[in-house]
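Undergrad: Just a sequence and a predicted model for now, questions to come.
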Amino acid sequence: MTIRAVLWDVDDTLFDYTAADRAGMRAHLVAERLLDGYGPVEEALAHWRRITDAQWARFSAGEVSFKGQRRDRVRVFLGRPELTDAEADAWFERYLGHYETAWALFPDVLPALDALAAGYRHAVLSNSSLHVQERKLRVLGVRDRFEAVLCAAELGVSKPEAGAFHAACEALALAPHQVAYVGDHPEIDARGAAEAGLLSVWIDRDGVRDGGPGKSGGPGGAGGAVPRRIASLAELPGVLGADTRFGAPSTFR
């Protein structure tokens, strides 16, 4: 099978979202004089991340709008459900100012994009919104690397649903088996892409997530495909250059 295009996740795949979020929230809590109310800073950061994950899951399930999940993150974190939309928006905007100063690509991103530029088309599929990710990619200096950016807020369907992956393939006018998907989440990205029939590549930089797709007899994708697990994007050209989905040895272990 020949791969003709690569679809990319953004947050924690191309862009170091976790580091930027932690640095931004730490600076924001200091500026807002809130650290004393949350104990150790690490506890506050972990609390923010748990709330973010929970509210993002609600957005992905269609239970709340993109702006709504942001507002609810603020209300839950502060323990102030009475905040108006305007008040929650203002608090979140102040946080964004700190968060955006910490934006950075992972070090392996530009070398990988350069290595793959001549051989593959490139696009983005994200569970965020087009406005957010278009701006982020421009600020990071890589928007022109991708011929299309597709996001759940506009598509009306989120990863890991097959419809999200298939919509991106349709935008590229390619069949799923001609497209690879690279993402950091073992379920939303890796398993979702595999089950949608794409060549699924799970970038697991920290190497600490166990029990992901393909582990202990877990389901793979169409035709028994199993996601490929890599620790660095430096490994990606080798994965794309081989037929790894049907019968070939897998590195996912």
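TA: Cool, the structure landed.
Undergrad: Am I right that Y181 sits in a helix?
TA: No. Counting by DSSP: H, G, I helix; E, B strand; the rest coil, Y181 is not part of a helix but strand.
Undergrad: Which strand or helix spans the nearest residue to it once chain neighbours are set aside?
TA: Using C-beta to C-beta, 6 or more residues apart in numbering and skipping the chain neighbours, the partner closest in space to Y181 is A193 (3.7 Å). Quick note: C-beta positions are derived from backbone N, CA and C, even for glycine. Element membership of A193, judged by DSSP states H and E, is helix 192-195.
Undergrad: circling back: any idea how far the residue nearest to Y181 is from H166?
TA: According to C-beta to C-beta, to the nearest Å, A193 and H166 sit 11 Å apart.
Undergrad: is it true that R26 touches A46?
TA: No. Taking C-beta atoms under 8 Å as the definition, R26 is not a contact partner of A46, at 11.9 Å.
Undergrad: the more surrounded of these two?
TA: R26 (18 against 13; other C-beta atoms under 10 Å).
Undergrad: residues contacting the more buried one?
TA: Residues in contact with R26 (C-beta atoms under 8 Å, 6 or more residues apart in numbering) are V41, L45.
Undergrad: Could you do A27 as well?
TA: Neighbour list for A27: H98, T101 [criterion: C-beta under 8 Å, 6+ apart].
Undergrad: Three-state assignment for it, please.
TA: Relying on three-state DSSP, one would call A27 helix.
Undergrad: and L105, what are its bridge partners?
TA: Here L105 sits in beta bridges with F15, going by DSSP bridges.
Undergrad: For it, report the pLDDT, please.
TA: pLDDT for L105: 98.
Undergrad: So it is in contact with T13, correct?
TA: No. Using C-beta under 8 Å as the test, L105 is too far from T13 to be in contact (10.1 Å).
Undergrad: Looking at the two, which is more packed in?
TA: More crowded of L105 and T13, by other C-beta under 10 Å: T13, with 24 against 15.
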